[in-house]
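[1] this one's structure only:
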RNA sequence: GGCUCGGUAGCUCAGCUGGUUAGAGCGUGGGAUUCAUAACCCCAAGGUCGGGAGUUCAAGUCUCCCCCGAGCCA
């Protein structure tokens, strides 16, 4: 069984924004977690590159659509690379193989009798790539979302007979867990309850798209084309474009993670298309919330967009990942507040977690020959820190499994807080002055080092870089969770999350802060 | 206009099927300490739980109305 999960395929209309980074980061954390517990994972991301909007953007820039897409999708790939995103695939819908797969998929849908011709006239928003319901006689209507003029269209298009899937879709979306978070389910249910209408899957006079076989002059509607990218993405780089082959690698997807704005496409249209083609719908669609900044919508007009590339450069991946995953309930909308960002990163990561490791390692080295102290029999899995580690492990596993990144992050952090408290209670720096307490000090420091090792391991899916630096300070080998991680069953990670794994006498490297404090940010 | 979510300490939020003095983190103030990244640890202040009415022995927790915010559909 392969755990296939996808980010949206980002529309290459503009350079990546923080919202895309947020989605991708979350998926990366989840993918890493699944790998760590021993699953074979296919993390899919990529770019959606067709459509009138892109064609026009390219024209405005004096580029061919393909050249424009090459440029922007390269930015995405570069950004994900720099963020250390562990995607196993990167699909571009302008990939020739994709075209072939779309054709194969379309033929199945056609053969199922689900394609009909129909006339469509109405007001069209190019930015939405969608017909709006404005009255025909409306004068100069605007798109309420984009506040741009709508264009009048009157064309003969191909329609997908979504209406035939009313019952199956109703059954699907009422399945518990299919739409997550549960709070968004009602919204889709209401939409479906109004009755599903056929929707057009082709456009005329749109050169920048995939031609519909057998219908000269028609190209596929971007959504029909884009969603299928999830299937094309399954292919290995050198594979022939074969739908069956693609499917065999890992369909159905376990999870599509998307922004809440495109929930309907993923929870209604897409499953119906798949059913029509004789394929299984995905197991779960998770619609997360949006990010605001200091309470305000981010947008070019307000000039308050956060550039993910700049954030990465100034703050590093750990800081940003921590803030987004630890402080925002995944699924809910979130607000980026600079002060809170600094406070949390500095408190949690630098002061609590980083300093814990630093102070403990420093004491161990000073008093125990630069190594992990030798413990007495008193340090068992009944040790308070062992119990705290078990609790943390449980909460992390459970939280990550439910995409509750916040719970997982807080659980790991709590273990570090408990360990800091333990140190302060035991005061090894006083006890070491009395020779008869030396063993007690050894035991205490061992327990805290071991707890730190657990913190590092528990952070692996959330903050792979920091986790790695911590393990290094503890003289531990790295824990692989990236796309190159070999599948390990039983999970090596879970095996290491057993109390007492730290070897006594292991030489510890010279302490170096694993997480620097962030300075107030002027570049924002 | 219909529907769906929210409105709880300065900020971000927990509060399951109603039940002793409404919780956490951050921020703020104080204390303690020196192993450590002026870090860690402890303590404290702070809320008429959006407003109003009702049900109940008892409501942040249920019902109704209203106000505010977000969203979906029209």
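    Received the coordinates, thanks. Owing to the predicted nature of the structure, the values given are computational and were not obtained by experimental measurement.
[2] quick one: the strands in the stretch 101-250 of chain A, in order.
    All strands of the stretch 101-250 of chain A, identified by DSSP state E, counting those that start in this stretch, fall at A:115-125, A:130-132, A:151-160, A:179-180, A:199-200, A:202-204, A:218-220.
[3] what's the most buried one of those strands?
    Highest mean neighbour count among those (mean count of other C-beta atoms under 10 Å): strand A:218-220, with a mean of 25. Any C-beta I mention is one placed from the backbone N, CA and C, and that applies to glycine too.
[4] how far out from the middle of the chain is that strand?
    Offset of strand A:218-220 from its chain centre (C-alpha atoms, centre = their mean, to the nearest Å): 31 Å.
[5] report all helices and strands that that strand contacts.
    strand A:202-204 (3 or more C-beta pairs under 8 Å, 6 or more residues apart in numbering; DSSP states H and E).
[6] mind listing the strands the strand it packs on pairs with, and their directions?
    strand A:218-220 (antiparallel) (DSSP bridges).
[7] and the partner strand, what's its mean pLDDT?
    The average pLDDT for strand A:218-220 rounds to 94.
[8] between the strands of the stretch 101-250 of chain A, which gets nearest to RNA strand B?
    Between RNA strand B and the strands of the stretch 101-250 of chain A, the tightest spacing by C-beta to the nearest atom of the strand is seen for strand A:130-132, at 8.6 Å.
[9] and the closest one with RNA strand B, contact?
    No. Against RNA strand B, strand A:130-132 shows no contacts by C-beta under 7 Å from any atom of the strand, the least distance being 8.6 Å.
[10] contact partners of that strand?
    The list of residues contacting strand A:130-132 from outside it, by C-beta atoms under 8 Å, 6 or more residues apart in numbering, reads A:120, A:122, A:123, A:124, A:125, A:141, A:143, A:150, A:153, A:200.
[11] re the thing from before, in JSON lines, list the strands of the stretch 101-250 of chain A along with distance to residue A:324.
    Listed next are these as JSON lines, based on distance: least, C-beta to C-beta, whole Å:
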{"stretch": "strand A:115-125", "distance to residue A:324": "30"}
{"stretch": "strand A:130-132", "distance to residue A:324": "29"}
{"stretch": "strand A:151-160", "distance to residue A:324": "36"}
{"stretch": "strand A:179-180", "distance to residue A:324": "18"}
{"stretch": "strand A:199-200", "distance to residue A:324": "34"}
{"stretch": "strand A:202-204", "distance to residue A:324": "36"}
{"stretch": "strand A:218-220", "distance to residue A:324": "34"}
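[12] which of those comes out lowest on mean pLDDT?
    Looking at those, the bottom one is strand A:130-132 with a mean of 76.
[13] in its sheet, what does that strand sit against?
    Sheet pairing here is set by DSSP bridges, and for strand A:130-132 it gives strand A:115-125 (antiparallel).
[14] thinking again about what came up before, pull the most distant pair out of the contacts of strand A:130-132.
    A:141 and A:200 (19.1 Å; C-beta to C-beta).
[15] got the residues of the stretch 401-524 of chain A near RNA strand B?
    A:417, A:420-421, A:423-425, A:427, A:429-430, A:511, A:513-517.
[16] name the nearest residue to whichever residue of chain A sits closest to RNA strand B, sequence neighbours excluded.
    Of all residues in chain A, residue A:354 sits closest to RNA strand B, at 2.1 Å by C-beta to the nearest atom of the strand. Spatial nearest neighbour of residue A:354, excluding adjacent residues (C-beta to C-beta, 6 or more residues apart in numbering): residue A:515 at 3.9 Å.
[17] please report how far the residue lying closest to residue A:150 once chain neighbours are set aside lies from residue A:460.
    Closest residue to residue A:150 apart from its sequence neighbours, by C-beta to C-beta, 6+ apart: residue A:123 at 3.8 Å. Distance, residue A:123 to residue A:460, using C-beta to C-beta, to the nearest Å: 51 Å.
[18] try residue A:133
    Residue A:133 is 48 Å from residue A:460, by C-beta to C-beta.
[19] which one's more surrounded, those two?
    In this view residue A:133 and residue A:460 are compared by other C-beta atoms under 10 Å, and residue A:460 has more residues nearby, 27 against 9.
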